[in-house]
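[1] one predicted model, sequence on top.
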Amino acid sequence: MEAARVERRLAAILAADVAGYSRLMERDEAGTLARLKAHRRELVDPLVAGHRGRVVKLMGDGALVEFASAVDAVECAAAIQEGMAGREAGVPEAERVRFRIGINLGDVIREADGDLYGDGVNVAARLEQLAEPGGIVVSGTAFDHLRGGLGRAFASLGEQTLKNIERPVRAYRMVLGGGGAPPERPALPLPDRPSLAVLPFENLSGDAEQGYFADGTVEDIIAGLSRIKWLFVVARNSSFTYKGKTMDVKRVGRELGVRYLLQGSLRKSGDRVRISTQMIEAETGGHLWVERYDRPLDDIFALQDEITLAVVGAIEPSLRRVEVERVKRMRPDSLDAYDLVLRSQPDVYSGMPERVTEALVLLERALALDPAYALAHAFAAMCHHCLFLRAGLREENLAASMRHAQAAIVHGQDDALALTFAGFSIGMDGHDHAAAFAAFEAALAVSPSSAVTYILGSVVLAWAGEAERAIEWGERAMRLSPFDLWAFAAFHSLTLGHFHRGRYEEAANAAHKAVQSNPGHSISHMLLAAPLAKLGRLEEAKAAAARVLELQPAFRYSRQFSGVDCAPALAASLSEALRVTGLPE
């Protein structure tokens, strides 16, 4: 049978919903419905008809409308929002009916009953979720067809990553109320280190009290980020000049002289609060990091602290990744000490001898330029730690690890990352756990959200046989920064902790995650082989053991245990498991 033909066409789609609909209905169901029906009958329907639109369907608190022209769709939307503002002006702020509207120009599929489907509809619906109450967001395709003929101002939102839409979508927010953008201020030069501004979060709750909570959260995030030594953070007084304004992110970046911007919004619903955050590269408008926090509103101050720690903890490794990629694009002969240290980072973090040897070449160049560079010393300590542990337990590597670690502590009292790596080398190579945890505690005093401090501290605890504390620190690190570059090490700690307590299934699950996080690290595969052997899954254990020797042919597990001063009971249990896998002792 011949397949039924599908009717496709290009259309401007307007998607709208009522902001805070559930809250309004909970307060006054009958009154809200009556007001909403009156708005539709007296304002919305006549405007849609007057702009040659067709209501495709109504969905309780929302509507989908089709137009043949992007101009008609946007003009209609603006008239609806301005009309609604006037009709609801006498209603208390928390009880106002306000629409959010998204508009897209795209390809749609028309069904026989008149309903519409397809990407053009989906994008409009997702853009509507970006709009503030009483606001309008249009896609780049719709914006391009307006040709400036509306005489209205639009602010670029850059490229947005929309749920279930694979490609990024350009978006623009219409400036309503007759207000245009303020005059542009002179551009400021970028600092010589990564720079970031945290813009005021939008309060989407319709509850003025939540605005104070949003502002307080932003202030705490700024304070937390300001403690990261290598990051330049714009002060609150400068970033809050943009509160309540619709601005082009590229312009804000130029005016504040920053490479990165953190934006966010807050929405309260019942006894829960949702905060959405996104980090943007100001020059391109591209999204680098997006996260959402949905929490019960039991203790507003505890919640504020939790979100601050989570945001700061996730931003630091995210920014480091971006900075490393930026430096990779620079000519090697133009690199200063900071750039050399950044370029060395992926090899330092690999934890494998061949790569850390390459990193040391860059770090020696950096230290020749700046002998007091704490992070360069800390990275060098980590490289020599790797060479000591995985390349023969040579005394010269042990001595170099300790020398650079001590220099990192001397020069890095205000650098959490330098203190953390120094403490790790002292604990793992020098076997001085008291000194190691003094460094870790100093790092957390500088930056309480430093996930890598908890990660590497958990590793020291795990090899020392402190299973439960190692698990506690590892899990806390993963809550702070679930996609951290050092996540594999946290999973090492969880594996060792569960293995030491005889929880072999949990140990194997954690080891699988370590392998996924860093498949080129030999210890991840060794730690997978041990619990698999205990579980009787011998073929899988032998395969993991074989992978260890592929990555590190000279591996001997007795050297590993000796090098890290493994707790005797843990070493005995691991040795018993690994003996049957084919790994040489």
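    Noted; the coordinates are in hand. Numbering: from 1, shown residues only.
[2] is it true that residue 418 touches residue 411?
    Yes. Using CB atoms under 8 Å, residue 418 makes contact with residue 411 at a distance of 7.5 Å. Every residue, glycine included, has its C-beta placed from N, CA and C.
[3] which residues do those two both contact?
    Between them, residue 418 and residue 411 have 374, 377 as joint contacts when contacts are counted by CB atoms under 8 Å, 6 or more residues apart in numbering.
[4] more crowded one of the two?
    residue 418 (30 against 20; other CB atoms under 10 Å).
[5] kindly export the host helix or strand of the more buried one (C-alpha atoms) in CSV.
    Residue 418 is part of helix 416-428 when elements are defined by DSSP states H and E. The C-alpha atoms that make up helix 416-428 are tabulated as CSV, following Å, rounded to 0.1, in the frame of the first residue of the first chain:
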residue,chain,number,x,y,z
ALA,A,416,44.4,25.2,47.4
LEU,A,417,45.4,23.1,44.3
ALA,A,418,49.2,23.5,45.1
LEU,A,419,48.6,22.6,48.7
THR,A,420,46.5,19.6,47.7
PHE,A,421,49.0,18.1,45.3
ALA,A,422,51.9,18.7,47.7
GLY,A,423,49.9,17.0,50.5
PHE,A,424,49.2,14.0,48.3
SER,A,425,52.9,13.5,47.4
ILE,A,426,53.9,13.9,51.0
GLY,A,427,51.3,11.3,52.1
MET,A,428,51.8,8.8,49.3
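[6] tell me what it is packed against?
    Other helices and strands packing on helix 416-428, by 3 or more CB pairs under 8 Å, 6 or more residues apart in numbering; DSSP states H and E, are helix 374-390, helix 395-411, helix 433-446, helix 451-463.
[7] report the angle between the shortest one and helix 433-446.
    Meaning helix 451-463. 160 degrees (axes from the mean of the first three to the mean of the last three CA atoms, to 10 degrees).
[8] just checking, what packs against helix 451-463?
    Here helix 451-463 touches helix 300-328, helix 416-428, helix 433-446, helix 467-480, helix 487-500, going by 3+ CB pairs under 8 Å, 6+ apart.
[9] would you convert those helices into CSV that also reports mean pLDDT and distance to residue 133?
    Shown next, in CSV, are those (pLDDT from 0 to 100; distance: least, CB to CB, whole Å):
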stretch, mean pLDDT, distance to residue 133
helix 300-328, 70, 22
helix 416-428, 93, 40
helix 433-446, 92, 40
helix 467-480, 89, 32
helix 487-500, 94, 38
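[10] give me the residues contacting stretch 163-173.
    In this structure, residues lying in contact with stretch 163-173 by CB under 8 Å, 6+ apart are 119, 122-123, 126-127, 129-132, 135-141, 143, 154-162, 246, 286-287.
[11] straight-line length of that stretch, end to end?
    The distance separating the two terminal residues of stretch 163-173, taken as CA to CA, to the nearest Å, comes to 18 Å.
[12] average pLDDT for that stretch?
    This predicted structure assigns stretch 163-173 an average pLDDT of 82.
[13] now do it: distance to the chain's middle.
    18 Å (CA atoms, centre = their mean, to the nearest Å).
[14] buried set for that stretch?
    Buried residues in stretch 163-173, defined by neighbour count with 16 or more other CB atoms under 10 Å: 169, 170, 171, 172, 173.
[15] repeat that for stretch 64-78.
    Under the neighbour-count criterion of 16+ other CB under 10 Å, stretch 64-78 has 64-67, 69-78 buried.
[16] pull that stretch out as CSV, backbone CA atoms only.
    Once side chains and other backbone atoms are set aside, the C-alpha atoms of stretch 64-78 remain, and they are given as CSV (Å, rounded to 0.1, in the frame of the first residue of the first chain):
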residue,chain,number,x,y,z
LEU,A,64,0.2,26.5,20.6
VAL,A,65,-0.5,29.0,17.8
GLU,A,66,0.5,28.9,14.1
PHE,A,67,1.3,32.0,12.0
ALA,A,68,2.4,32.2,8.3
SER,A,69,4.7,35.1,9.2
ALA,A,70,7.4,35.5,11.9
VAL,A,71,6.6,39.2,12.0
ASP,A,72,2.9,38.5,12.7
ALA,A,73,3.8,36.0,15.4
VAL,A,74,6.2,38.4,17.2
GLU,A,75,3.9,41.4,16.8
CYS,A,76,1.0,39.3,18.3
ALA,A,77,3.2,38.1,21.1
ALA,A,78,4.3,41.7,22.0
